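J.: need a structure here:
(2 chains)
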Amino acid sequence: MRLFARLASLWRTLFRKDALDRELDEELRAVVATLADRHVAAGLTPEAAERAAIASLGGATGLQRTKSAVRDARLGGALDALFLDVRQAWRSLGHARRLTGVIVVTLALGIGATAAIFSVVRAMLIEPLPYRDPEQLAFVWLDGAARGYGHAPMSGPDFHDLRTASRTIAAFGAIWATGTIALDGGRGSGLAPEQLRSAFVTTNFFDLLGVRPELGRTFQPDDATRPTILLGWELFQRRYGGDAGIVGRTVLVNDQPTTVVGVMPPTFRLLMPPDASVPDRLQAWQPFWPEMEQGPRGNLFLRVVARMRPGVTIDQARADIGGVSAAIAQAIGAPRPFTTLGLHDEAVRDLRGPILVLFAGVGVLLTIACVNVAGLLVARAASRRRETSLRLALGAGRPRLLRQALVEGLLLTGAGAALGTALGWAGLRALVAFAPASLDRIRGAELDATVIACTAGVSIAWGLLLTLAPASELLAADASVLAGARGRLHAGPARYRTRAVLVAVQVALSVVLLVGAGLLLRTFVAVQQVDPGFSANGRLTVKIALPESRYSERPAILAADRELRRRLAAIPGVRAVGAISHLPYDDLPNWALTYAPDGTTTREGHPSADTRAVAPGFFETFGVQLLDGRTFTEDESPTTPIVVVDDLLARRLWPGQSAIGKTFLAGQAFPDKRVTVVGVVRHLRQRSLVAELMPQIFLPYQFWQRSPMAYVVRADRDPGALAQDVRAAIAGVDPHLPLYDLRPLAAFVETARATRRFTMQLAAGFAAAALALTGLGVYGVLAYAVAVRQRDIGVRRALGADTRRVIAEVVREGLALTVAGGAIGLAAAALGAERLGSQLYAVAPRDPLTYAIGFGLVLLCAVVACVVPAMRAAAVSPMDALRSE
Amino acid sequence: MARTPTGIMKGTLPLLVLKTLALEPRHGVGIADRILQTTGGTFQASPGSLFPVLHRLEQEGFVEGEWSTTPEGRRAKYYRLTPAGQRQLAAEKKQWAKVALAIGQVLESE
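T.: You can find the predicted model right below:
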C-alpha cells in the first residue's frame, strides 16, 4: 500500500506538474499577503509592505529558488523513497568492487550457460513441430521386436488396412526416402545431370502435415498416375536460380519426362524419427506408384504418419490401431503388432537424452554459482557486522536493513542476468557453430524473449534466495555490540556454519557434475575404441547411380561395375577397390531380409538380418576380417544365390559348427530363396557403434544389383587428394554418370560419434567450471575462517604452537568440509547416474573409478584452495594478530 | 532571554514541523512563527527551507494541506498532521532522544 501511494505521488509529481505549480504559486502569494499584512499593521503603505514582504522572502529570485526547491523536494522525495535503497545498495556494492565483480561474473556465467542451454532445450524438445496441429500427429511403426527389428517400417497392405479400417485417424500418410533420382534438364537445357536425395510420399503427405508449398502446389491424388515431382527450396535455388517458371515445366527424372508441380518453402523441415531414415534435407519428392498398397506384406518400407481426428488422444488411436492389428493377424495367421507414438516424441527421441543431460548439468552449474555467491554475500555481511550494528543503533529498523539486503541481491542478480544474457547469446552462437549435424535442429534455437524472461525469472528467484544468506547475518547483528564498542565483532560459530554448509553443498554438487562428466567422457572414450569391424581411415567413398535408361539390363550394369572398379583400381596409389549398397552410418533406409533354418515351412515370425549387396573387393577394401570360407570373386553366378554372413548369424543358425556350405532361407519376400553360405566374416557395426543390432547377410552384386552403389577406394595417399583422380576415372567409364557424396569413410564414422562428442565436451566444460567455482568457494570460507581466528592463531603461536600444526589445522578443516560435501555428492551422483543410463556405454552408472576420480579432483582442488589461507595463517605474526583487534 | 536566530540544524526541521503541527493545524507562516517562538528565537525557518520540507512531508503522507481562511481573512494553505505523521513524530522523537543522548555523552566525555 505504501508502495502504491508512493507511485501515485510520483505520478502526480511528474505528470500533474502544472496543477501543483499553480497551487504552489497561490500558496506563496498567500504567504506574501500574510507577511505584507503585518508590515501594513506596522505602518507601511500596502505597496511598501508587499515589497518588504517579498524582500523578506529573498526577493523575486528567492521566491523562484523556493519554488524550485519545493519542486525538487517533491520529485526527490518521490524518487528517493523508491530509489534510496537502490542508491544505497549501489554505493555499498561499489565499495567492494572486486567482490561485486566476482559475484556478477559468477552469476553471469551460470545464467549465461543456463540461458544458452535452455534455448536449445526449447528449440529441440519443447517447441512444437512446424506442422498444423502437431499434437494430432502420430507415427506408426510395425513392431518388429519379435524379429529383432524394434521399429520396422510397414508394408503396402499394412498401410492399406490401417487406412481403411481405423476409425480414429483422419488420414494416414507415408514416406520412403529410398535413395536417389537422376535429374536432367533435358536436351539443350545446359544443366548437368545430377543425383538427388529424394523420397516417395503418398499424395496426401504434405496436406496431412498441414504444410503449404512456396510455389505451385503439393500433390493431388491423380499425380500418382503420372510422373510428377515437387522440388525442395535448396534445389530450386541452386539448379533453377529461383526461377518460378520451373513450376509446370517438364524435367527428366531418371530419364523420364516429369512435371514439376511445386516448390516447398525454405522453412519446410521434415522432422521424422531418427531411425525412420528420412533425412531432413531431402531435395525432392515424388508420389508413390499407384499399386504401392498391393506389394507383398513382407516388403517393409513405408514410414507412416497419422493425423488423429480432432479430440482423439494418442491412447485412443493406439487402441484403434491395435484393433486393426488384431484383424490383420487374424487374416494372415500371424501377429502383426504396431507401435503408435506421438510424432513429436518420436522426432526428438534420440535428442531428448543428451539434451536433458546437458540441461541438468547446466542447472547444477547454475546452482553452484548461486551457492557460491550466497557464500560470498554471507562473508561480506559478516565483515560488515560493525556497520550493521551501528546502523541498528542509529535506529535503522531491521525491515529497512532487510529491504536493503534484498535490493542488493536483486541488483547483483540483475547485473548478473544482463551480463549473463550477453554471454548466453554468445554461447548459443558457439553451440550452433559446433553442433554436429545430428543436432541440426539446434540451429533453430534463439535467445528470444521467452528465454530471457525465464532466465530473468530464475535470476530474481535466486536474488531473493541470495538475500536470505546475508539476512541471517542481519538478524544476528545486535545494536548492543556498540555498547561494548570493542566487543566480538567477528562472526560467531553460527555464521561460520552457514558458510560451511554452503561450501559443502558446492562440493557435493561439483562431485555430481564431475562424476556425470566423467561417465560421459569414459563412454566417449569407449565408443572411440569400439572396433566397428572395419577400418575407416584412408578410405574414400563415392556414390554412383547408374541411369536406368542406359543400364537396365544386368550385363550392362555388371559390365559398368567391373569397369568402374577396374579404372578406380588403376589410380596411382590405390591399393583396393570395392562397392557396397549401404555405407555405414549413412541415412539410407536399411535393408533387411528375414532368415530361417532350411526346411522351415512357416512364413511368418522369422528374425531379420541387415542385408547388403557388395561387389568383389568390398571386404578387402573395408578391412573386414574373414573368419571362415571365402569372400566374393568376379565370377559369382547371377542366378545361384550364395551369401557371406557375419559370425552372429552363423552362430545363431549353426552354433558350434562351420557355416560353410550350409543353406538357409533368406527373405520373406523371396520365400523360396534358399541361399548357400560361402564365407563368414566378423560382424560389422554399420548402423550403430554401440547398439547390438541384427546379424548380417551379404549378397554378391552379380546376384543382387542395387543403385546407387557406394564405391570405396583404399589408397596410400590422403583420400582427400584422390578426389580428382576418382572423378576422372568415373568419367572415363561414362562421362554422364552422376556421382555424389564424395567423402572419406571416416566422415561417416565420425557422424556416428558426433552427438556423444558434443555432449561430452559440454559436460566436461560444465564440470571444469564447477571445479573452479568450488575451489573459489572452499578458498573463500577458509580464508575467512583464518581471518576470523587470526587473534586465536596469533595467541597460540605466541605460546609456541608450531607452524606446521597451524597449517595442518586449517587444511584439516577445509578437507573435513570437502569430505563431508563429497560424500553427499557421491551419494547424489550414484542416484543421478541412473538417469544417465541410455547415454552411457561400456561404463556402469556406478563405475567406482569414475567416482573416485571425480571425488579426487574436487579434493585436490580443495587442498590447493586450503593451502593459501593456511600459509597465511602460518605467516601471522603473533604481535600483529594481537594488535589487530 | 533573547537569542540571535540561527539556521536550523540539518535534518531536524521535519521533526520541528511535525511537532509544531501536533498541537493544531497551521499555515506556512504560522509554522515558522511558532518554531521561532518555541525555540525562544533560536531557530528561524526560512521559507526557502520550510516549504520544500512541508511539501515533502505532504508527499510522504505525514501532513495534509487544506485551503482555509486566516483570522485576518486571508486565504492560506493550512497543514494538518495525519495519523501516519503522528506515528512518524513519535518515532523521530525517540530517535532524536537517542541521538541527543549519544551526542551529549560524547560531548560530556571530553
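J.: center of the chain - which residue?
T.: You didn't pick a chain, so chain A it is. A:Ile355 (4.0 Å; Cα atoms, centre = their mean).
J.: that's the wrong chain, I meant chain B
T.: Short answer for chain B (Cα atoms, centre = their mean): B:Val17, at 1.6 Å.
J.: On the three-state scheme, that residue is what?
T.: Secondary structure, DSSP: H, G, I helix; E, B strand; the rest coil: B:Val17 is helix.
J.: My read is that A:Ser166 contacts A:Arg318, right?
T.: No. Counting by Cβ atoms under 8 Å, A:Ser166 does not reach A:Arg318; the two are 10.8 Å apart. All C-beta spots, glycine's among them, are computed from the backbone N, C-alpha and C.
J.: Same drill for the two, tell me which one is more crowded.
T.: Neighbour totals were compared for A:Ser166 and A:Arg318, and A:Ser166 leads with 20 against 17 (other Cβ atoms under 10 Å in any protein chain shown).
J.: roughly how far apart are that one and chain B?
T.: Look at A:Ser166 and chain B: by Cβ to the nearest Cβ, to the nearest Å, they are 71 Å apart.
J.: residues in contact with the nearest residue to A:Leu626 once chain neighbours are set aside?
T.: Spatial nearest neighbour of A:Leu626, excluding adjacent residues (Cβ to Cβ, 6 or more residues apart in numbering or on different chains): A:Val681 at 5.5 Å. Neighbour list for A:Val681: A:Gly533, A:Phe619, A:Val624, A:Gln625, A:Leu626, A:Leu627, A:Thr631, A:Val644, A:Val645, A:Asp646, A:Asp647, A:Phe698 [criterion: Cβ atoms under 8 Å, 6 or more residues apart in numbering or on different chains].
J.: Restricted to buried residues, select the residues you listed in ChimeraX.
T.: Per 16 or more other Cβ atoms under 10 Å in any protein chain shown, the buried members of those correspond to this ChimeraX selection:
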select /A:533,619,624,631,644,645,646,647,698
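J.: Narrow the contacts of A:Val681 to those in helices?
T.: Of these, the ones assigned to helices by DSSP state H are A:Phe619, A:Asp647.
J.: Check the contacts of A:Val681 against chain B and report the nearest one.
T.: Of all these, chain B sits closest to A:Gly533, with 82.6 Å by Cβ to the nearest Cβ.
J.: B:Ala100: helix or strand, and which one exactly?
T.: When secondary structure is defined by DSSP states H and E, B:Ala100 falls within helix B:83-109.
J.: which strands and helices sit next to that helix?
T.: Under the contact criterion of 3 or more Cβ pairs under 8 Å, 6 or more residues apart in numbering or on different chains; DSSP states H and E, helix B:83-109 touches helix B:13-23.
J.: For chain B, which residues are neighbours of chain A?
T.: B:27-29, B:46-49, B:51-53, B:55-56, B:59-61, B:70, B:72, B:74-77, B:94-95, B:98-99 (Cβ under 8 Å from any Cβ of the partner chain).
J.: gap between the helix holding B:Ala100 and the chain center?
T.: Computed by Cα atoms, centre = their mean, to the nearest Å, the chain-centroid distance of helix B:83-109 equals 14 Å.
J.: do the same with stretch A:200-208
T.: On Cα atoms, centre = their mean, the centre of stretch A:200-208 falls 30 Å from the chain's centre.
J.: got it, and stretch A:525-543?
T.: For stretch A:525-543, the distance to the chain centre is 26 Å (Cα atoms, centre = their mean).
J.: buried set for that stretch?
T.: Of the residues in stretch A:525-543, those buried (16+ other Cβ under 10 Å) are A:526-527, A:530, A:532-536, A:538-543.
J.: Let me see the contact set for A:Gln136.
T.: A:Ala170, A:Arg307, A:Met308, A:Arg309, A:Pro310, A:Val312.
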